[in-house]
Every structure is written in C-alpha cells, then in structure tokens.
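> Have a look at this prediction, sequence included:
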Amino acid sequence: MAIVVTLDVMLAKRKMTVTELSETVGITIANVSVLKTGKARAIRFSTLDAICRALDCRPGDILEFVDE
C-alpha cells in the first residue's frame, strides 16, 4: 500500500510555482518540495487544508492511494 503525492500535477494545472504556493500557504519552499517529491512522512491537516484552499482542490486531487 502506498500513498502517492501528485502535488506537482496540481501545481502545473493551476500554473502555480512552488514559491507561490509556499508563500500562500505559509510553509517553506523546502517543505513544499519534500511534499512534492513524495518524501514527506506526514502532513498536518491544517497544512493540507491550506494547500487545498490555495490550489482550489480536494485532498484526493493531490493524494492518491496505489495498491502495490
């Protein structure tokens, strides 16, 4: 079982940069990059909420379950 982060796809769809997202959400560029590359081991609901608001999406648009 794996959770795949598709944040990069949503950023491209919204034509938003990592820098713009980090400024809007209030987290560092490094933390956005960790999320974007799928190397994050956890995410706060408040951060997920802020990302979804900034990108006008739902959590399922940036997180995907893949059965291995």
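That came through, no problem. Residues are numbered from 1 along each chain as shown.
> Residue 28 reaches residue 18, doesn't it?
No. Contact criterion CB atoms under 8 Å: residue 28 and residue 18 do not qualify, at 10.2 Å. Every residue, glycine included, has its C-beta placed from N, CA and C.
> if I read this right, residue 18 contacts residue 33, doesn't it?
Yes. Using CB under 8 Å, residue 18 makes contact with residue 33 at a distance of 6.2 Å.
> which SS state does residue 40 fall under?
Of the three states, residue 40 takes coil according to DSSP: H, G, I helix; E, B strand; the rest coil.
> Would you mind measuring from it to residue 17?
Applying CB to CB, to the nearest Å, the value for residue 40 to residue 17 is 19 Å.
> Of these two, give the one with the bigger neighbour count.
residue 40 (16 against 12; other CB atoms under 10 Å).
> Please tell me I have it right and the more buried one contacts residue 5.
Yes. Assessed by CB under 8 Å, residue 40 is found in contact with residue 5 at 7.1 Å.
> Could you list the buried residues of stretch 17-25?
Across stretch 17-25, burial judged by 16 or more other CB atoms under 10 Å covers 18, 21, 22, 25.
> Looking at those residues, spot the one nearest residue 52.
Set against residue 52, the nearest of these by CB to CB is residue 25 (9.8 Å).
> Could you check the pLDDT of the nearest residue to the closest one once chain neighbours are set aside?
Leaving aside its chain neighbours, residue 25 sits nearest to residue 50 (4.4 Å; criterion: CB to CB, 6 or more residues apart in numbering). At residue 50, the model reports a pLDDT of 97.
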